[in-house]
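Peer 1: Generate coordinates for the sequence data below:
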Amino acid sequence: MAAPSSTPALPAVPAPRARSDWDAWGTQPASLPAGAKTLLATLLPGRPHPLARIADPRLSPSRLDDADLDDLAAIVGAGHATRDDAVRRVHLGGKSTPDLIRRRSPEVQAAPDAVVSPGSHDEVRAVMDHCDRAGIAIVPFGGGTSVVGGVDPERGTHDAVIALDLARTAALLDLDRTSLLATLGAGTTGPQAEELLGAHGLTLGHFPQSFEFASIGGFAATRSSGQASRGYGRFDELVHTLRVATPRGDLQLGRAQAGAAGPDLRELFLGSEGALGVLTEVTVRVRPAPRATAYAAWTFPDFAAGTEALREATQRGIRPTVVRLSDTTETRVNAAMGGHLGRLGGSLAIMTTEGFDDAEADATARALDAVFTARGAKPRGEAPARSWERGRFASPALRDALLDVGVLVETLETATTWAHLPDLKASVTAALTDALAAHGTKPIVMCHISHVYPAGASLYFTVACAMTPDPLTQWASAKDAASRAIIANAGTITHHHAVGRDHLPYLESEIGALGTDVLRAVKERLDPRGIMNPGVLVPTDGR
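Peer 2: Numbers count the residues shown, from 1 in each chain. Okay, the predicted model is just below:
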């Protein structure tokens, strides 16, 4: 893709993007594919327990008084600080399956007391100063796509809580074409970033499953890892500088590509989930948009053979843009859902690789094919990889359609070294299966690898089962069993979903008691009154 003949002036502000519905993923109801009938017959042998969406939710009453609302409106402008229920309900929290189940409950929904939408770093700074003085908790809100309880409207010990909606900060603020560095407002969504950069012939190349709604600040605050992480890197690898507002002052972090000026303080805020402050501007490394893409797919006899082939290719330095390996269960389920996958068995691997031209893209594809076929893989052409790419952002919305018919679908992820990968996969699969069987359901547990490194890889699990009359307890027991299996088998409690509230009980098992004390000390220094996203990342048990 050639750079445009005339470049837009900066700063450039994108067109607004529609938010995801308050009680579902996306803005359009998802339809189950025809092949889902086979899956449903397996999962729903008895009486189903569907959950219907509700049209008019009951929200907790706002506890923010008129004076504070007026003061906040004076900072961000009329209409950008509101207690309106239609706005508050879009900021009820994230989009995990438990979140979506709670949204279908007739019970009162815990809502932020107000939604405040600053348009710049200076407005964020002023809002934070007011909230710190008034004792109002702040939950930074980007796309609202957290699946670990990361943006719930928790007051903590405070009288009120606001959702700090960063959508108005969306902008391409600066562009260094020589160094290939772009500065984006934290509220810029994935599509907005690609639109703004595409006008200059560039791309960020960060495409997580939440891409359509999640924000640049959210990517940084959660250490997001996009589907093209093998080619472009995780988001934390793309960050050059951060501008941060904390209750105790501002920070501008990062200068050169690499340095030795003590510990890298950017690492304090990458993955900080709004618990230490608000990321307002992020400078990222960008690339020229690719001109060619190659696609390929293979099937291995089993997941173990595919895993070994991925390990060899990765350790040899072969870098496709996207590489994914589904286990045999996931491959079979995709086959049951219909399409060309119905002709495939074994363990399916797909790849896309980008390049400056066809020759560059094809060279990587040939190198990967040589390793895979030597390990027993059968080439399956381009179609499976192209099919995956077409639907790469669609699967979260299927959870809504499955809840409608009484099927619970949820995901979790982890990562470990290649040596521990087989035991970790087996243990988590068994933990999920046994925990859900204890509730009288027979789950389908699927897994794939989608992020690979020289020393290890991620494992991404998808679980589907019939919902019981108490689906929140049903999933909580399964999640706890899986989390304990992860800890016991050398896995990280999260590879890219972040800690939030859901993973906080397991964090100390990974970083140790002293590690949690370090986090607590940083929190106390930067946010002594504890107004920033209470209950996320940093334990507040008073120990």
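Peer 1: quick one: low-confidence ranges for the chain?
Peer 2: 1-6, 338-344, 541-543 (pLDDT under 70).
Peer 1: Pull out the buried positions in the longest helix seen in it.
Peer 2: Scanning the chain for the helix with the most residues, using DSSP state H, yields helix 504-526. Across helix 504-526, burial judged by 16 or more other C-beta atoms under 10 Å covers 504, 506, 507, 508, 510, 516, 519, 520, 522, 523, 526. The C-beta positions use only the backbone N, C-alpha and C, and glycine is treated the same way.
Peer 1: now, the most widely separated pair of the residues you listed?
Peer 2: 506 and 526 (24.0 Å; C-beta to C-beta).
Peer 1: Quick check, central residue of this structure?
Peer 2: The centroid of the chain falls nearest to residue 497 when counting by C-alpha atoms, centre = their mean (5.1 Å).
Peer 1: Which helix or which strand is home to the residue lying closest to it once chain neighbours are set aside?
Peer 2: In space, and not counting its chain neighbours, residue 497 is closest to residue 148: 5.2 Å by C-beta to C-beta, 6 or more residues apart in numbering. Residue 148 belongs to no helix or strand when elements are defined using DSSP states H and E.
Peer 1: One more: residue 416?
Peer 2: strand 407-417.
Peer 1: name the helices or strands packed onto that strand?
Peer 2: helix 97-103, helix 395-405, helix 421-437, strand 456-466, helix 471-488 (3 or more C-beta pairs under 8 Å, 6 or more residues apart in numbering; DSSP states H and E).
Peer 1: returning to what we had before: pretty sure the residue nearest to the centre of the chain contacts residue 147?
Peer 2: Yes: here residue 497 reaches residue 147: they are 5.7 Å apart, a contact under C-beta atoms under 8 Å.
Peer 1: about what we covered before: out of the helices and strands packed on strand 407-417, which comes closest to residue 278?
Peer 2: Going by C-beta to C-beta, the one of the helices and strands packed on strand 407-417 nearest residue 278 is helix 97-103, 22.2 Å.
Peer 1: The helix or strand following that closest one packs against which elements?
Peer 2: Next helix or strand after helix 97-103 toward the C-terminus (DSSP H and E): strand 114-116. Applying 3+ C-beta pairs under 8 Å, 6+ apart, one finds that strand 114-116 makes contact with helix 66-76, strand 81-82, helix 85-88, strand 160-165.
Peer 1: Just send the ones you listed back as CSV, with distance to residue 278 and mean neighbour count too.
Peer 2: Below are the helices and strands packed on strand 114-116 laid out as CSV (distance: least, C-beta to C-beta, whole Å; neighbours: other C-beta atoms under 10 Å):
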stretch, distance to residue 278, mean neighbour count
helix 66-76, 14, 16
strand 81-82, 16, 22
helix 85-88, 19, 17
strand 160-165, 7, 26
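Peer 1: can I get the ones you listed in CSV with distance to residue 34?
Peer 2: Below are the helices and strands packed on strand 114-116 laid out as CSV (distance: least, C-beta to C-beta, whole Å):
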stretch, distance to residue 34
helix 66-76, 48
strand 81-82, 43
helix 85-88, 36
strand 160-165, 39
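Peer 1: Could you pull out the strands in the stretch 151-300 of the chain for me?
Peer 2: For the stretch 151-300 of the chain, the strands defined by DSSP state E, counting those that start in this stretch occupy 160-165, 172-176, 181-185, 202-203, 239-246, 249-253, 278-285, 287-288, 292-300.
Peer 1: The longest one: partners in the sheet, and parallel or antiparallel?
Peer 2: Translated: strand 292-300. Strand 292-300 pairs in its sheet with strand 347-355 (antiparallel), strand 378-379 (antiparallel), by DSSP bridges.
Peer 1: just the fourth one next, same as before
Peer 2: Strand 202-203 has its sheet partners listed here by DSSP bridges as strand 287-288 (antiparallel).
Peer 1: Distance from the chain centre to the partner strand, please.
Peer 2: Strand 287-288 has its C-alpha centroid displaced from the chain centroid by 23 Å (C-alpha atoms, centre = their mean, to the nearest Å).
Peer 1: Repeat that for stretch 226-233.
Peer 2: For stretch 226-233, the distance to the chain centre is 14 Å (C-alpha atoms, centre = their mean).
Peer 1: How far does that stretch stretch from one end to the other?
Peer 2: 8 Å (C-alpha to C-alpha, to the nearest Å).
Peer 1: gap between residue 359 and residue 322?
Peer 2: The gap separating residue 359 from residue 322 is 19 Å, by C-beta to C-beta, to the nearest Å.
Peer 1: of these two, who's got more company?
Peer 2: Ranked by neighbour count (other C-beta atoms under 10 Å), residue 359 and residue 322 place residue 322 first, with 24 against 9.
Peer 1: gap between the two ends of stretch 498-510?
Peer 2: Termini of stretch 498-510 sit 13 Å apart (C-alpha to C-alpha).
Peer 1: on that earlier part again, how about JSON lines for the strands paired with strand 292-300, with distance to residue 288 and mean neighbour count added?
Peer 2: Output for the strands paired with strand 292-300, formatted as JSON lines (distance: least, C-beta to C-beta, whole Å; neighbours: other C-beta under 10 Å):
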{"stretch": "strand 347-355", "distance to residue 288": "10", "mean neighbour count": "26"}
{"stretch": "strand 378-379", "distance to residue 288": "30", "mean neighbour count": "13"}
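Peer 1: Which one of those lies nearest to residue 438?
Peer 2: Of the strands paired with strand 292-300, nearest to residue 438 by C-beta to C-beta is strand 347-355, at 28.7 Å.
Peer 1: that older thread, please identify the deepest-packed of the helices and strands packed on strand 407-417.
Peer 2: Comparing those on average neighbours per residue, with mean count of other C-beta atoms under 10 Å, the densest one is strand 456-466 at a mean of 23.
Peer 1: So which elements touch it?
Peer 2: Helices and strands touching strand 456-466, as assessed by 3+ C-beta pairs under 8 Å, 6+ apart, comprise helix 36-43, helix 303-315, strand 407-417, helix 421-437, strand 444-449, helix 471-488.
Peer 1: now that strand against helix 421-437, angle please.
Peer 2: 20 degrees (axes from the mean of the first three to the mean of the last three C-alpha atoms, to 10 degrees).
Peer 1: Setting the sequence-adjacent residues aside, check what's closest to residue 174.
Peer 2: Nearest non-adjacent residue to residue 174, counting by C-beta to C-beta, 6+ apart: residue 183, 4.1 Å away.
Peer 1: Go ahead and confirm that neighbour touches residue 280.
Peer 2: No: using C-beta under 8 Å, residue 183 is not in contact with residue 280; the gap is 10.6 Å.
Peer 1: ok so, going back, same list, the helices and strands packed on strand 456-466, but as JSON lines with distance to residue 457 please.
Peer 2: Formatted as JSON lines, these follow (distance: least, C-beta to C-beta, whole Å):
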{"stretch": "helix 36-43", "distance to residue 457": "27"}
{"stretch": "helix 303-315", "distance to residue 457": "7"}
{"stretch": "strand 407-417", "distance to residue 457": "6"}
{"stretch": "helix 421-437", "distance to residue 457": "6"}
{"stretch": "strand 444-449", "distance to residue 457": "5"}
{"stretch": "helix 471-488", "distance to residue 457": "14"}
